[in-house]
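> one predicted model, sequence on top.
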Amino acid sequence: MFDVEEFVADCRAVLERDRSSAAVYEVVARAVSEPSALIKALGEPARGQIQRIYHSPQLTVLNVIWAPKMTIFPHNHDMWAVIGIYSGREDNVFWRRLPEDSHRVEAAGAKSLCDKDAVPLGRDIIHSVTNPIGRLTGALHVYGATSLTPTAANGTRNRFWNGPAIRSASSRYSKKRIAGLIS
């Protein structure tokens, strides 16, 4: 059975011993290995949104529900992250900066995550995210710092992930891209 408070406590405990994403990866992988328990604890995904589960200077835990066919631009979180899928699918395209122009990127790889998959992302990873299927995707996202403001691939800071900015994001991003994120 998945318990939200226990999950957060486990993440915090492993971070006290090891500040890297490797230890947190094990906690997230264990949690998403039983998708039905996560759905029972967090609720059946009903709409695209980002639910903040826990936030501190050292750790942020989100329940991210990607809307069908939703795509998020290439960005860098400027911190490590661990992503675990408990329902649906998340396709990540990884990007690298071009040596001749650090504001431009090119595709460097990809990884599809499905139910029960987890992946750590390093601090400098640039990625874009797509939910390629016609239904909602549920994912646990755990970040190793306080800022939820990723850097866009062109090097600009993007306020998309900060609370009030998410609520007003529909004026700056197409509804297809954000599909009413945040609760």
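Good, I have the coordinates.
> what helices or strands is the longest strand seen in the chain leaning on?
When the chain is parsed with DSSP state E, its longest strand is strand 101-114. Judged by 3 or more Cβ pairs under 8 Å, 6 or more residues apart in numbering; DSSP states H and E, strand 101-114 is in contact with strand 81-87, strand 89-98. Where C-beta positions appear, they are placed from N, C-alpha and C, glycine not excepted.
> what comes into contact with it?
By Cβ atoms under 8 Å, 6 or more residues apart in numbering, the surrounding residues in contact with strand 101-114 are 74, 83, 85, 88-98, 119, 126, 139, 153-155.
> 10 Å instead, please
Strand 101-114 is contacted from outside by 32, 74, 76, 83-85, 87-98, 117, 119, 121, 125-130, 132-133, 137, 139, 152-156, using Cβ atoms under 10 Å, 6 or more residues apart in numbering.
> sheet-wise, list the partners of it with their directions.
Here strand 101-114 has these sheet partners by DSSP bridges: strand 89-98 (antiparallel).
> start to end distance for stretch 27-40?
Start-to-end span of stretch 27-40 (Cα to Cα, to the nearest Å) is 18 Å.
> quick one: buried residues of the longest strand of the chain?
105, 113 (16 or more other Cβ atoms under 10 Å).
> export the helix or strand following that strand as PDB, just CAs?
Next helix or strand after strand 101-114 toward the C-terminus (DSSP states H and E): strand 118-121. Provided in PDB are the C-alpha atoms of strand 118-121 (Å, rounded to 0.1, in the frame of the first residue of the first chain):
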ATOM      1  CA  ALA A 118      11.300   5.300 -13.300                       C
ATOM      2  CA  VAL A 119      14.300   7.300 -14.500                       C
ATOM      3  CA  PRO A 120      16.800   9.700 -12.900                       C
ATOM      4  CA  LEU A 121      17.600  12.900 -14.800                       C
END
